[in-house]
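S.K.: Need the 3D shape of this:
(2 chains)
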Number of protein chains: 2
Amino acid sequence: MMRTRPLKVALLGCGVVGSEVARIMTTHADDLAARIGAPVELAGVAVRRPGKVREGIDPALVTTDATALVKRGDIDVVVEVIGGIEPARTLITAAFEHGASVVSANKALLAQDGAALHAAAEENGKDLYYEAAVAGAIPLIRPLRESLAGDKVNRVLGIVNGTTNFILDKMDSTGAGYQEALDEATALGYAEADPTADVEGFDAAAKAAILAGIAFHTRVRLDDVYREGMTEVTAADFASAKEMGCTIKLLAICERAADGASVTARVHPAMIPLSHPLASVRGAYNAVFVESDAAGQLMFYGPGAGGSPTASAVLGDLVAVCRNRLSGATGPGESAYAALPVSPMGDVVTRYHISLDVADKPGVLAQVATVFAEHGVSIDTVRQQGKDGEASLVVVTHRASDAALNGTVEALRSLDTVRGVASIMRVEGE
Amino acid sequence: MMRTRPLKVALLGCGVVGSEVARIMTTHADDLAARIGAPVELAGVAVRRPGKVREGIDPALVTTDATALVKRGDIDVVVEVIGGIEPARTLITAAFEHGASVVSANKALLAQDGAALHAAAEENGKDLYYEAAVAGAIPLIRPLRESLAGDKVNRVLGIVNGTTNFILDKMDSTGAGYQEALDEATALGYAEADPTADVEGFDAAAKAAILAGIAFHTRVRLDDVYREGMTEVTAADFASAKEMGCTIKLLAICERAADGASVTARVHPAMIPLSHPLASVRGAYNAVFVESDAAGQLMFYGPGAGGSPTASAVLGDLVAVCRNRLSGATGPGESAYAALPVSPMGDVVTRYHISLDVADKPGVLAQVATVFAEHGVSIDTVRQQGKDGEASLVVVTHRASDAALNGTVEALRSLDTVRGVASIMRVEGE
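M.R.: Residues are numbered from 1 along each chain as shown, chains lettered A, B, ... in the order given. Next comes the predicted model:
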């Protein structure tokens, strides 16, 4: 049943991921052909620096003209591993218009312009697959969009950025501060020279937008995702977390509201109990919990980045897209029929851990407790510690809206007896 | 783009899973229609006892004539949740011949006759999907067969039977013996009145056959799977495991040989280190590790059984099969092109924990060590304990073949100084 005319693949980008995709396409050519039902052939590789030696890649295939490559007309699948918004967006759109399907690992682009790209794919009857855009090799897009297609997903909660998990794990296990742990991550190659996209949560927020969109059949863009980085997490926060039987993780959380009528998506550091499976996700690993009506709690765990794992996800998509092409069909496209409103962060309901520096005199606790009560935020526990005429109050709340909590904190700051709000951290996973 | 003629679904079996499938098809009809692109309609329900009241199911749909139902000719998808070999096999085959695709949760049938069923599906240009056959709601079949289609899977290691995991977890946490823990599992509904299929490992072996077949693109039948139940695991074994920093789990293990030229599949109790993520899988949960060349280590975790989780998997397949039907395509069928030989258990290489009751006199250890050496089994550690004129020796080996280990044990049994072999257990996950 093997077709002999090969399917032609254009590779855009030949960095860590792209070169691994090209390598596996060569070394596993027979397996790929058997699984697809036709051989696949690397028909062109678009790069920025043509002079660089690329082991195992025929120099005749290398070009700097990515536009001409995607417009050739004989390309079956374009694999986009350039990243960033432009020129990736223009190239992918052109690929669809010139008859190719697309496999992409581009989370930033998907989170910003997913709807337009899906529309371009559909107009041209082509596939857009992007398993590699979220959590590297971990199958997440396909399980959410296919395995759980008959279920109702209520929550996606996960560690989707390996760099920040490495840093936070290091801080947790060694007591190091943020800068020290970041320096180690940089030295070991886990963090980039400019770590902003990771540590400020932009990368995780893009993934949250993609996951929320698929999980809730609703368009969720990067701008809809509340985002807080983890650069202000301190060794003291970890000490507080330990006292609570918790650790701190940078979490991406996509939730359906209790009434089912809206959704939220957010990325921020949070305390989670040590007994929660996400607490034991070490180093640069990723893990994602999915909670649904019928399936219950599922967890997916694995390497969230790196050339080989990302290439595994890209190649899985490549096989699927090639099979679709041979059968003249397309896989599932965008599913945004539910079109639920995305609520702002103020509507999110969770628990909070708040550390206050207060004057060490009678009545302070009563004052503070009154402020919480006035804002409708119920207190779970309070711990008071005196030190040198100053005192600290650690308040853990019951579930309250972010808006109510913010109002509470603003009012606390205006109290004479409150010298400062040392930290506010959400408590998740309970 | 919504088609108005509904896709017709015939449900074979209306027990715990079937009734949940029917329920969700009704309550989530709009979502399913939006995700598929056409409404789905329950067109018939075949049951054994027609008199039983089935809430939410139109009595006019209920029939005892499953054969007539699958042969109606207007059925788009047959959902088979009867279980067992016959009549399921005949009904599924008839369904393909009469124009339907099939979604099945039948692990026993797939493990025994998967090749013939796949062939019948392919001849008739229909789909055979069976995510629910392995590990309930946990997406495993689809990730292995699609997400990892561009990768090379080397190992699948997992807890795929919730009943036995519940029993072993209970023995571990309470010190209970096997019978006591089984009684509790039965009382709580985790074990069936006749628990043989679970505790003797037949259920897990069927799942191992299915997983190995997909992972290695090779036909693996139930008969190819080495199987050892967990009825002989004792409280003493758990005590030994604890001394080793381990617990005991019933594992399904599918491995590609180091040279890549053959595979093995087996189910047996084994010690695994407490630090291994599978060690902390509690109660009736399932979890499966997958190791591949490019992706590295992935883990999938969730509820492995139960009406709702299994229905979630069935409905995910139903959506996929309906989509395929609308686009006139079929999903990936059987992939057995690699056709690797399945090696016997004797070729499996792993580590062993062996407890011997020996005479408490000088020279015994030397004798025992000589036997291990003669059979080429290298000893990692030995612990000797005297008690009332008798002594026990606990030997933990380095990696050796099962054949070599069996030869060693046979020779040990023939030594005058060895009174008995108290237990032999494999050590995995290191």
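S.K.: Run through the helices of chain A in chain order.
M.R.: Under the criterion DSSP state H, chain A carries helices at the ranges A:16-27, A:29-36, A:66-70, A:88-97, A:107-123, A:141-142, A:162-174, A:178-187, A:196-199, A:202-216, A:235-243, A:307-327, A:364-374, A:402-413.
S.K.: Is chain B within reach of the shortest one?
M.R.: Yes - using Cβ under 8 Å from any Cβ of the partner chain, helix A:141-142 reaches chain B at A:Arg142. (C-beta placed from N, C-alpha, C; glycine too.)
S.K.: Can you give the distance from that helix to the centre of its chain?
M.R.: 13 Å (Cα atoms, centre = their mean, to the nearest Å).
S.K.: Which neighbouring elements make contact with it?
M.R.: On a contact count with 3 or more Cβ pairs under 8 Å, 6 or more residues apart in numbering or on different chains; DSSP states H and E, helix A:141-142 meets no helix or strand.
S.K.: Can you report how many residues lie near the residue of the stretch 201-350 of chain A found nearest chain B?
M.R.: Here the residue of the stretch 201-350 of chain A nearest chain B is A:Leu315; by Cβ to the nearest Cβ that distance is 2.3 Å. Neighbour count of A:Leu315, defined by other Cβ atoms under 10 Å in any protein chain shown: 29.
S.K.: didn't it look like it was pressed against A:Asp31?
M.R.: No - the pair A:Leu315 and A:Asp31 fails to qualify as a contact (Cβ atoms under 8 Å) at a distance of 10.0 Å.
S.K.: Quick one: residues contacting the residue of the stretch 201-350 of chain A closest to chain B.
M.R.: Contacts for A:Leu315 (Cβ atoms under 8 Å, 6 or more residues apart in numbering or on different chains) come out as A:Val21, A:Ile24, A:Met25, A:Leu32, B:Ala149, B:Gly150, B:Asp151, B:Ala294.
S.K.: Using CSV, lay out those together with pLDDT.
M.R.: Below are the contacts of A:Leu315 laid out as CSV (pLDDT from 0 to 100):
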residue, pLDDT
A:Val21, 97
A:Ile24, 96
A:Met25, 97
A:Leu32, 97
B:Ala149, 96
B:Gly150, 96
B:Asp151, 97
B:Ala294, 96
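S.K.: sorry, back to before: what would the helices of chain A look like in TSV with distance to B:Ser275?
M.R.: Putting the helices of chain A into TSV (distance: least, Cβ to Cβ, whole Å) gives the following:
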stretch	distance to B:Ser275
helix A:16-27	30
helix A:29-36	33
helix A:66-70	46
helix A:88-97	41
helix A:107-123	32
helix A:141-142	30
helix A:162-174	14
helix A:178-187	23
helix A:196-199	28
helix A:202-216	27
helix A:235-243	20
helix A:307-327	22
helix A:364-374	41
helix A:402-413	37
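S.K.: ranking these by burial, who's on top?
M.R.: Ranked by mean neighbour count under mean count of other Cβ atoms under 10 Å in any protein chain shown, the helices of chain A are led by helix A:202-216, which reaches a mean of 28.
S.K.: residue in the stretch 101-250 of chain A nearest to chain B?
M.R.: As assessed by Cβ to the nearest Cβ, chain B sits closest to A:Gly150 within the stretch 101-250 of chain A, at 2.3 Å.
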